[in-house]
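> no sequence on this one, just coordinates:
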Ligand SMILES: [Cu+2]
């Protein structure tokens, strides 16, 4: 009996941790750089569905960048993976890397 309770508790903990990790993690989105505007701190990205941002369909759109240095990591035509967060003022890229 005791053993069953321990196993059940361990399983419940594992499921709980996995769920928390999924909720906290921002999913990386695959895309392609279409345009970079360093002056305005903006980047135009073509990307596939991004459910984490509530975008069900592929699209091309302009994002602000959290840090202007992010714009130096990529160039037009690069395939990238990025993370972004949405706010009332628009979407901001928080992380971007060239796809491997
Ligand atoms: Cu979008």
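Structure received. Note that this is a predicted model, so its numbers are computed, not measured. Numbers count the residues shown, from 1 in each chain.

> report pLDDT for the residue most central in space within the chain.
Nearest to the mean C-alpha position of the chain, counting by Cα atoms, centre = their mean, stands residue 83 at 2.6 Å. At residue 83, the pLDDT value in this model is 96.

> and residue 87, by the same measure?
What the model reports as pLDDT for residue 87 is 85.

> list the helices and strands the helix or strand that the residue nearest to the centre of the chain is a member of packs on?
Here residue 83, judged by DSSP states H and E, is contained in strand 79-87. Helices and strands touching strand 79-87, by 3 or more Cβ pairs under 8 Å, 6 or more residues apart in numbering; DSSP states H and E, are strand 29-37, strand 42-47, strand 90-98. C-betas here are computed from N, CA, C, even on glycine.

> the shortest one pairs with which strands, and in what direction?
This points to strand 42-47. Strand pairing for strand 42-47, determined by DSSP bridges: strand 29-37 (antiparallel), strand 59-65 (antiparallel).

> circling back to that earlier point, buried set for the strand holding residue 83?
80-84 (16 or more other Cβ atoms under 10 Å).

> near the ion, from those?
Among those, none lies close to the ion by the criterion of Cβ under 5 Å from the ion.

> near the ion, which residues of the chain?
Residues of the chain lying near the ion (Cβ under 5 Å from the ion): 55, 59, 61.

> next, count neighbours for the first one.
The local packing count at residue 55 equals 17, with neighbours defined by other Cβ atoms under 10 Å.
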